[in-house]
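Participant: give me the fold of what follows.
(2 chains)
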Amino acid sequence: MTDENKDFDGRRWHDMGGLVAGDVPRADHDFALWEKRVDALMIICSSKGHFTVDGLRRVLEDMPPASFEEMSYYERWIMSIAQNLVEDGVITNAELGRRITQVEGRGLTYGEAAHE
Amino acid sequence: MPHDHHEHLSPSGHPFRADNDVPLTYWQAMEIAVRELLIEKGVTTAAEIAAQIDTMDARTPSNGAAVVARFWTDPAFRDAMRADASVATRAMGYDIGPMKLIAVESTADLHNIVVCTLCSCYPRNLLGLPPDWYKSRAYRARTVREPRSVLAEFGVVLPASTQVRVHDSTADMRYIVIPARPAGTQDWTQDALAALVTRDSMIGTGLAKSPEALA
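Facilitator: Sure thing, here's the model as predicted:
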């Protein structure tokens, strides 16, 4: 048992029900196209059996606690989707890394990078 | 992720939606990369992704409002919803898929509120995608600890005699609140009643509008 584990109370970071927290933030935003696409990829890939919502959540919950504050909702989702697709053998880390580099080289905006 | 775009208002006075003309982020590049690879490998097509987005965009709280208004007025449908809300809403064209849907009925004596403490589970088939606050740490943490304080932040102050019941969703089980039917609506049509049913009233952070509030 490591020092980090000795204070573990059986609750992981995502299990936040019942904890003390501040006011509920009421600002809302409409979803951007890229966020809707992430959501659509989750629905499509899970409906075709590449992974399940449990697989999505496993990767989300294994992220460091700071991810919840530092990354947006669909940023966490695309990271989890990519990891699940690698685990299922649909894509490899190497080809994903190469493609991200290519995409980033296409332009400075989402529209340019997506060829739209 | 540009969450700070609210100070830039469009000519109509609304914030511009974060869209294609913002600086590319690493995670957006990953979305493009994953999507392109999936299309090249034949897992999906651009048309299938676009169709899925259209399906999602078509899901709005008006779906849930139609269910609530029918629940209030149609005794056979009410019985069907109490027996199996997944089946009853599927028959209306709002398929929840393999998940289980439970309708919880609020009255003057009992107020229901829904949360997902572990994640963001939500009855998308009836309400669309969840609002940002539903996914926030504060809502997830506090709703099961001090629901009346959370309700007060949303402007819902209930008498002490009203019981508050909190429902924690799971990946496989979703809840929709059937808000109490407002007084003075006895002879209203389903369509007229549906206009009283807000998104928040079906999550439990609001009440159905009164006829006076609609006027």
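Participant: helix, strand, or coil at the nearest residue to B:R181 once chain neighbours are set aside?
Facilitator: The shortest distance from B:R181 to any residue other than its chain neighbours is 4.7 Å, reached at B:W72 (Cβ to Cβ, 6 or more residues apart in numbering or on different chains). From N, CA and C alone the C-beta is placed, and that goes for glycine too. What DSSP: H, G, I helix; E, B strand; the rest coil gives for B:W72 is helix.
Participant: and the gap between B:W72 and B:S161?
Facilitator: 23 Å (Cβ to Cβ, to the nearest Å).
Participant: related to what we said a few turns ago, residues contacting the residue nearest to B:R181?
Facilitator: Taking Cβ atoms under 8 Å, 6 or more residues apart in numbering or on different chains as the contact definition, B:W72 lies against B:R78, B:I178, B:R181, B:Q190, B:L193.
Participant: domain-wise, how is chain B divided?
Facilitator: Domain ranges of chain B: B:5-57, B:59-214, per automatic domain parsing.
Participant: shaky segments in the chain?
Facilitator: Unless you meant another one, I'm taking chain A. Within chain A, the stretches with pLDDT under 70 are A:1-5.
Participant: right idea, wrong chain: chain B
Facilitator: The model of chain B has pLDDT under 70 over residues B:1-21.
Participant: contacts for stretch B:84-98 next, please.
Facilitator: B:63, B:66-67, B:70, B:77, B:80-81, B:99-103, B:123, B:125-126, B:172, B:174, B:176.
Participant: which of the residues you listed fall in strands?
Facilitator: B:K100, B:L101, B:I102, B:A103, B:R174, B:I176 (DSSP state E).
Participant: for B:L158, phi and psi?
Facilitator: Per-residue torsions, B:L158: phi -100, psi 150 (degrees, to the nearest 10).
Participant: for the one helix or strand B:A152 maps to, name the packing helices and strands.
Facilitator: Using DSSP states H and E, the element containing B:A152 is helix B:147-153. With contacts defined as 3 or more Cβ pairs under 8 Å, 6 or more residues apart in numbering or on different chains; DSSP states H and E, the secondary structure elements packing on helix B:147-153 are strand B:110-115, helix B:137-142, strand B:163-168.
Participant: tell me the helices and strands packed up against the second one.
Facilitator: In this case it means helix B:137-142. Using 3+ Cβ pairs under 8 Å, 6+ apart, helix B:137-142 sits against helix B:147-153.
Participant: of the contacts of B:W72, which is the nearest to chain A?
Facilitator: B:I178 (22.9 Å; Cβ to the nearest Cβ).
Participant: tell me how far the nearest residue to that closest one once chain neighbours are set aside lies from chain A.
Facilitator: The shortest distance from B:I178 to any non-neighbouring residue, by Cβ to Cβ, 6+ apart, is to B:E105 (4.6 Å). According to Cβ to the nearest Cβ, to the nearest Å, B:E105 and chain A sit 23 Å apart.
Participant: could you find the closest non-adjacent residue to the residue in chain A positioned nearest to chain B?
Facilitator: As assessed by Cβ to the nearest Cβ, chain B sits closest to A:G17 within chain A, at 2.8 Å. Spatial nearest neighbour of A:G17, chain neighbours left out: B:T117 (2.8 Å); criterion: Cβ to Cβ, 6+ apart.
Participant: the one you found - that's part of a helix, no?
Facilitator: No - applying three-state DSSP, one finds B:T117 to be coil, outside a helix.
Participant: returning to what we had before: mind checking which of the contacts of B:W72 are buried?
Facilitator: In those, burial by neighbour count holds for B:R78, B:I178, B:R181, B:L193, counting by 16 or more other Cβ atoms under 10 Å in any protein chain shown.
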